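Novice: okay, predicted coordinates and the sequence, questions at the end:
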Amino acid sequence: MLKNSLNVIIIAIAVVISSYLFSNAFQNRNKSNDTISVTGSGKKDFVSDLIVWNGSFSKKSATLKEAYAALDSDREKIKSYLSGKGIAPNEMVFSAVNFNKDFETTYNENGTTRQQIFTGFTLTQSVSIQSKEVNKIEELSRQSSELINSGVEFYSSPPEYYYTKLAELKIKMIAEATKDASIRAKSIAENADASLGNLKKSDMGVFQITGQNSSEDFSYGGSFNTQSKNKTANITVRLVYQVN
């Protein structure tokens with residue numbers, strides 16, 4: 001009899017404890033779902049501090065030896081021209097020479113190929129200049145048509161602009177975006193008569209670099225504009241807070 005009563009008491013206590021634990025777990029589960037998610041942004045305008053300018057030149061001749069000699073002559077003219085513009089020899093990087101065999105194709109009356117006649121060789125070489133004197137190289141790229149007037153078949157590519165302090169800029173922008181998100185979260189909580197708890201999660205968006213005042217779209221994987229000297233960097237940070 002005593003043994004049966006003791007078993008009943010033990011079972012009753014176990015039921016009470018189980019009910020309490022289940023209720024507490026259920027409440028904590030609901031509590032963990034009381035969160036807010038906010039996105040903050042950081043934005044910074046900056047000016048490129050590194051420029052890369054590329055150009056190419058070519059020569060065509062009936063023999064490979066003549067083509068090389070003509071290309072060498074043009075290369076020396078380009079070196080002399082760039083030196084006269086204040087470019088040091090170690091800032092000029094010339095690529096290896098590419099050459100192609102040229103053919104003229106003749107056709108039959110029905111449009112089929114009759115024969116290909118060898119017409120000579122075309123040699124092409126490129127030159128690249130990388131400098132922190134952005135304005136000087138930018139102006140030089142506009143004046144490169146002067147080489148054409150000296151008989152050099154020179155093709156100038158648009159300059160590319162870069163920034164060498166992106167790592168430092170990114171850190172500052174992440175801090176700015178995080179602060180912005182935190183302010184938004186506090187404002188939302190206060191308007192809802194609640195208070196912010198612990199930070200549960202944070203996610204950083206991709207780094208976007210576009211030209212200033214441009215209509216460029218952001219890219220899913222991140223944009224990296226190299227065509228504009230004046231740029232704008234954007235980044236977002238998403239924070240998830242517990243709400244008390």
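Specialist: Cool, got the structure.
Novice: low pLDDT regions in this structure?
Specialist: Residues of the chain meeting the criterion pLDDT under 70: 1-33.
Novice: kindly list the longest strand within the protein.
Specialist: strand 113-131 (DSSP state E).
Novice: and that strand, which strands flank it?
Specialist: strand 50-61 (antiparallel), strand 92-94 (antiparallel), strand 98-107 (antiparallel) (DSSP bridges).
Novice: same list, these, but as a markdown table with mean neighbour count and distance to T210 please.
Specialist: Any C-beta I mention is one placed from the backbone N, CA and C, and that applies to glycine too. Formatted as a markdown table, the strands paired with strand 113-131 follow (neighbours: other C-beta atoms under 10 Å; distance: least, C-beta to C-beta, whole Å):
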| stretch | mean neighbour count | distance to T210 |
| --- | --- | --- |
| strand 50-61 | 19 | 18 |
| strand 92-94 | 13 | 29 |
| strand 98-107 | 11 | 34 |
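Novice: tell me the bridge partners for the most centrally placed residue in the chain.
Specialist: For the chain, the residue nearest the mean C-alpha position is F224 (3.0 Å; C-alpha atoms, centre = their mean). With DSSP bridges as the criterion, F224 is bridged to I209.
Novice: please tell me how far it sits from T210.
Specialist: F224 sits 9 Å away from T210, taking C-beta to C-beta, to the nearest Å as the criterion.
Novice: likewise for I137?
Specialist: In terms of C-beta to C-beta, I137 sits 22 Å off from T210.
Novice: what do you get for L169?
Specialist: Taken as C-beta to C-beta, the span from L169 to T210 is 14 Å.
Novice: ok, I36 next?
Specialist: Distance of I36 to T210, given as C-beta to C-beta: 30 Å.
Novice: P89 now?
Specialist: 36 Å.
Novice: among these two, which residue is more densely surrounded?
Specialist: A count of neighbours by other C-beta atoms under 10 Å puts T210 above the other of P89 and T210, at 20 against 8.
Novice: list the contacts of that one.
Specialist: By C-beta atoms under 8 Å, 6 or more residues apart in numbering, T210 lies in contact with E216, F218, S223, N225, S228, K231, T232, N234.
Novice: what's the closest non-adjacent residue to it?
Specialist: Nearest residue to T210, sequence neighbours excluded (C-beta to C-beta, 6 or more residues apart in numbering): E216, at 4.2 Å.
Novice: what is the neighbour count of that neighbour?
Specialist: 14.
Novice: residue boundaries of the strands in this structure?
Specialist: With DSSP E, the ranges of strands along the chain come out as 35-47, 50-61, 92-94, 98-107, 113-131, 154-156, 160-162, 196-204, 208-211, 230-243.
Novice: the ones you listed: which one's closest to S187?
Specialist: Minimum separation from S187 across the strands of the chain (C-beta to C-beta) falls at strand 35-47, 9.0 Å.
Novice: give me the sheet partners of that closest one and which way each runs.
Specialist: Looking at strand 35-47 with DSSP bridges, its partner strands are strand 230-243 (antiparallel).
Novice: and which of the contacts of T210 is nearest G111?
Specialist: E216 (45.0 Å).
Novice: re the thing from before, can you put the contacts of T210 in TSV and add distance to G40?
Specialist: Below are the contacts of T210 laid out as TSV (distance: C-beta to C-beta, whole Å):
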residue	distance to G40
E216	22
F218	16
S223	19
N225	23
S228	25
K231	21
T232	17
N234	12
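Novice: just the buried ones from these?
Specialist: Burial by neighbour count, 16 or more other C-beta atoms under 10 Å: within these this picks out S223, N225, S228, K231, T232, N234.
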